[in-house]
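generate a structure from the sequence data that follows.
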Amino acid sequence: MSLKLAAFGQEAAKGVQVTFNLDGTPARGTLDLSTPLGTRMASVQWHERMAVLRTSDGEQPFESLDELTRHVLGEALPIPALMAWLEGGPAADQAWQGQPEGNRQQFTQAGWQVDLRERDSGYIDAQRPASPSQRGVTLRVRIDR
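Numbering: from 1, shown residues only. Below is the predicted model of the structure:
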């Protein structure tokens, strides 16, 4: 997974690359993050009421996955929606809009413009456009099953 964060206010642009293993459901699951060379960086477990980050420094609880991913990666990622995107479509429990209407390959959901046209080749692209209140983010996921 590569994450590109646009410059915003006093924050410089930056990029993050991690490998990940995602398992579970939007309500309960695990996410393991490693460096591109395979060194484990962190493990995340979540359920409806909280998310816990485990690193070599110990455990740290967060009130939500958004708060946790913002802390680890620099921006909140819509992990529950991403789980559906990895399966090939928008998350059923969240509103979405396709272009044209009903298009499940290119759609907008949770503030992200999602492109699944290369999913069968192993890639998912999503962008959250910049606005006056948040930086732009580009997410590219390589699926390796």
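
can you give the distance of stretch 115-130 from its chain's centre?
12 Å (CA atoms, centre = their mean, to the nearest Å).

begin at 808, not 1, for the rest of this chat.
Sure, I'll start numbering at 808, so the last one becomes stretch 922-937.

now the longest strand anywhere in the chain: buried residues?
Ranked by residue count under DSSP state E, the longest strand found in the chain is strand 847-854. In terms of neighbour count (16 or more other CB atoms under 10 Å), strand 847-854 has its buried residues at 849-853. Any C-beta I mention is one placed from the backbone N, CA and C, and that applies to glycine too.

show me where this protein has its strands.
Using DSSP E, the strands of the chain run over 809-812, 821-824, 826-831, 836-841, 847-854, 857-862, 865-869, 903-905, 913-916, 919-922, 930-935, 944-949.

quick one: low-confidence ranges for the chain?
907, 952 (pLDDT under 70).
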